[in-house]
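Asks: using only what follows, build the 3D model:
(chains A, B, C and D)
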2 protein chains.
Amino acid sequence: MTTGTQPLRRRATVKDVARLAGVSAGTVSNALSGKRPVDAATRERITSAIAKLGYVPNLAARGMRTGRAGTIAIFSSMPTAVAAGPSRLGFLMELAASAAIAALESNVALLLVPPIEDPATALATIAFDGAILVEPEARDPFLAVLAARGVPTVVIGPAGDRPPLAVELDYKVMAELLFDHLAERGARRFPLVIGESARASNAAFREVYLTRCAASGLEPTVISLPEADAERGARDALLRHISDGHDIDGVLVPIDAMATGVMQALRTAGLGVPDRVKVATRYDGIRARSEMPALTALDLKLDRVAQLATRMLIGAIDGGADTGAAQGSAEPPAPRLIARGSTGMTGRTGTTDSASRNA
Amino acid sequence: MTTGTQPLRRRATVKDVARLAGVSAGTVSNALSGKRPVDAATRERITSAIAKLGYVPNLAARGMRTGRAGTIAIFSSMPTAVAAGPSRLGFLMELAASAAIAALESNVALLLVPPIEDPATALATIAFDGAILVEPEARDPFLAVLAARGVPTVVIGPAGDRPPLAVELDYKVMAELLFDHLAERGARRFPLVIGESARASNAAFREVYLTRCAASGLEPTVISLPEADAERGARDALLRHISDGHDIDGVLVPIDAMATGVMQALRTAGLGVPDRVKVATRYDGIRARSEMPALTALDLKLDRVAQLATRMLIGAIDGGADTGAAQGSAEPPAPRLIARGSTGMTGRTGTTDSASRNA
DNA sequence: AGCTTGAGTTAAATCGTTTTAGTGCAGACT
DNA sequence: AGTCTGCACTAAAACGATTTAACTCAAGCT
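Replies: Model (predicted):
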């Protein structure tokens, strides 16, 4: 009982378009891609045929022919990215969201690859042209598999030994910004509370901290903790430090979960922030912003970082597939200090919540 | 001057495998998919050939033949998901992360689709077999496009007029849990601070709040605010409410950004939480957890919700592609109250970081 | 003995696009 | 007049998998 003219709706193909426009399939393809010139009148007929038929290209077929999947994947190798809680997730997801936007601008979709035990599985299961790897570990299993398979890869974080493309986050500059700000705000005895793992960022913070302390004649105290259970760990460690009789007037605590713990410890110990103790952290996530008072942190410009990484990757995919010389690393935008209440800065710099007066 | 035996590395295909194993391509395919029986010995030769050649199937080719892209997309239609800040993003990303894991279990990858102006673009640019749509609006443009194109879609949130598949978040139950908890904790004059938009969740909270107030003989006060600039808006509105002479002993404030604002207002007004005022919110994100004291909230079990949605979607893709009868909605796991310091509960109920003890 | 059934296999068709190798044709240069 | 060049286009050949149709052989049933 259908009207008869309807040929039982099959998805229109390039051939249907070609027939309706009175040209060959190849010409339709050229009109669409612009790879070869097509007469204006012809193009006109083609586009109207496309509209009439509601033609949408079959991306799988295109992909097979071109060898492109039209996707890039973003990995975080942290085995426990999810278990590590919303904070770690926040960092990754902030990157992912911006990368997704940047990718779409180049007609590329972003695949979110969950942390899995077996990296090889992902590669056999998921089609993608390139990968963004967020803060890989020392000898990262994902990186190994990706390299072995020859997948173009951009690392966000430290550029390891044999670096693929990388957006190098400059942990030293971050450390310096925070250290100098604390010093400038008058802190003289501020421990560094940091993760004990061998991550590049931990190392950089340690190094800068020790160097700067030596240069300024300050006594360094490094409190190293496991990254797992960071919040409670930092709280307990700092409480112990204080009750051991150490007198502090600041804390440099890059990892935001630890910063939350530090703030709890300070409250418990009755040390007012910022009057008695100044606190500064690195990642300006929700934790930093919703502390009372809000924490001085860094604007890492993750949106720009993700954008940069995405563009590098897409460039590498398009251009240097064979050009092995496509090695290189880009400098991300410089981080910027966001001075907030936790170092005694009230103000217009950050969010609105300076109303943090302890009743 | 290569060693000669190396035939200039081309990616191995199913034909190469077949040749080496001494069978036909079809048999290799059957061995891989298990769709048809293959002799054990033959299978053995095939798998070893695969290993020897390092064969990885070309997913684009497979996809073209099978008509499957092997991906699902997750959308949030909120035009401003990113601009709305990390909090809103947190909700979406928590879902996305779990969905990605669930999808991978079925050998499906998750595409993160950024919010874009023109929904049609995404469909022409990105290949996916189905979509998860997070909390669509009343007449959502994405939903319209997806439906028009016949893409299987699962909605997380309210099931609209003509529902596709949906995981219905039960906003009423959420509202009841929170309302009843506040009442049980002794609050008698607690306003509802809520978004003014027509979102289903706002409506449900209003309705439950008014009904429950009437039933318990409490005087209702609804403070409606624009969702944009929620934090500051809630703070200012509540301060005004208080300085107007209203005496309150609780706040029901489902939206977590508003809850942050409410807490600021209470601190400014010198009203202690939980002694003078009890506060409860809905989404147990970082905001709720890192407030001082931590906020009583709901465990929405978003991981299970995402998992459920993903499985429903994959089921619909596999099974009911033509079966138009594949309509239906699933009930998500019931939300659970996480009582915390903001309603005077200290405790073991929630996450590990409940250590919010006021010194 | 005759018939069906199922396992195991293969050659060939197929999916929908892009690319290759030509084909005319017009104009510009020697 | 002859040769080139570039435009606009076409027919046919990939791309690499899965699926179909067909075939053989052995076993099970009546």
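
Asks: I would like the residues contacting the least confident helix or strand in chain A by mean pLDDT, please.
Replies: Every helix and strand in chain A was compared by mean pLDDT, DSSP states H and E; the lowest is strand A:329-330, with a mean of 72. With C-beta atoms under 8 Å, 6 or more residues apart in numbering or on different chains as the test, strand A:329-330 has contacts from A:159, A:163, A:165, A:166, A:167, A:168, A:308, A:312. C-beta here means a position set from N, CA and C on the backbone, and glycine is covered the same way.

Asks: let's see if you can find the most crowded of these.
Replies: residue A:167 (25 neighbours; other C-beta atoms under 10 Å in any protein chain shown).

Asks: from DNA strand C, how far off is that residue?
Replies: Residue A:167 is 29 Å from DNA strand C, where distance means C-beta to the nearest atom of the strand, to the nearest Å.

Asks: residue A:250 too?
Replies: Relative to DNA strand C, and taking C-beta to the nearest atom of the strand, residue A:250 is found at 59 Å.

Asks: okay, now that residue: neighbour count?
Replies: Here the count is done by other C-beta under 10 Å, and residue A:250 has 25 residues near it.

Asks: that one contacts residue A:275, doesn't it?
Replies: No. Counting by C-beta atoms under 8 Å, residue A:250 stays clear of residue A:275, with 11.7 Å between them.

Asks: what touches both of those two?
Replies: Common contacts of residue A:250 and residue A:275 (C-beta under 8 Å, 6+ apart): none found.

Asks: show me where chain A has helices.
Replies: Listed in chain order, the helices of chain A (DSSP state H) span A:14-21, A:25-33, A:40-53, A:59-66, A:86-105, A:119-125, A:141-149, A:171-184, A:200-216, A:230-243, A:256-269, A:286-290, A:302-318.

Asks: how does chain A divide up, domain by domain?
Replies: For chain A, automatic domain parsing gives the domain ranges A:14-57, A:71-169+A:302-318, A:171-299+A:337-343.

Asks: which stretch among these comes nearest residue B:190?
Replies: domain A:171-299+A:337-343 (22.0 Å; C-beta to C-beta).

Asks: endpoints of that closest one, how far apart?
Replies: Criterion C-alpha to C-alpha, to the nearest Å; first-to-last residue distance in domain A:171-299+A:337-343 is 21 Å.

Asks: okay, now the unreliable bits of the stretch 1-150 of chain A?
Replies: Where the stretch 1-150 of chain A drops to pLDDT under 70, the residues are A:1-9, A:77-89.

Asks: contact residues of it facing DNA strand C?
Replies: Residues of the stretch 1-150 of chain A found near DNA strand C (C-beta under 7 Å from any atom of the strand) are A:10-11, A:13-15, A:25-26, A:28-30, A:32-33, A:35, A:55, A:57-58, A:61-62, A:64-66.

Asks: can you do 6 Å?
Replies: By C-beta under 6 Å from any atom of the strand, the residues of the stretch 1-150 of chain A that approach DNA strand C are A:11, A:13-15, A:25-26, A:29, A:32-33, A:35, A:57-58, A:61-62, A:64-66.

Asks: quick one: contacts for residue A:224?
Replies: So residue A:224 contacts A:194, A:195, A:196 (C-beta under 8 Å, 6+ apart).

Asks: my bad, should have said residue A:273
Replies: Residues in contact with residue A:273 (C-beta under 8 Å, 6+ apart) are A:263, A:266, A:279, A:293, A:341, A:342.

Asks: ditto for residue A:68
Replies: By C-beta under 8 Å, 6+ apart, the contact set of residue A:68 is A:62, A:129, A:317.

Asks: from those residues, pick the one nearest residue B:303.
Replies: Checking the contacts of residue A:68 against residue B:303 by C-beta to C-beta gives residue A:129 as the nearest, at 29.6 Å.

Asks: count of residues packed around that closest one?
Replies: Neighbour number of residue A:129 under other C-beta under 10 Å is 21.

Asks: for whichever residue of the stretch 101-250 of chain A sits closest to DNA strand C, which non-adjacent residue is spatially closest?
Replies: Relative to DNA strand C, the nearest point of the stretch 101-250 of chain A is residue A:107 (11.5 Å; C-beta to the nearest atom of the strand). In space, and not counting its chain neighbours, residue A:107 is closest to residue B:125: 4.9 Å by C-beta to C-beta, 6 or more residues apart in numbering or on different chains.

Asks: isn't that neighbour right next to residue A:110, touching?
Replies: No. Contact criterion C-beta under 8 Å: residue B:125 and residue A:110 do not qualify, at 11.8 Å.

Asks: overlap in contacts, these two.
Replies: The contact sets of residue B:125 and residue A:110 overlap at residue A:104 (C-beta under 8 Å, 6+ apart).

Asks: need the contact list for the residue nearest the centre of chain A.
Replies: Geometric centre of chain A, nearest residue: residue A:95, 3.2 Å, by C-alpha atoms, centre = their mean. Applying C-beta under 8 Å, 6+ apart, we find residue A:95 in contact with A:74, A:132, A:134, A:156, A:302, A:305, A:306, A:309.

Asks: more neighbours: residue B:125 and residue A:110, which one.
Replies: A direct count of neighbours by other C-beta under 10 Å for residue B:125 and residue A:110 places residue A:110 higher, at 28 against 18.

Asks: residue B:122 is in contact with that one, correct?
Replies: No. Residue A:110 lies out of contact with residue B:122 (C-beta under 8 Å); the separation is 11.8 Å.

Asks: that's all I had, so thanks and see you.
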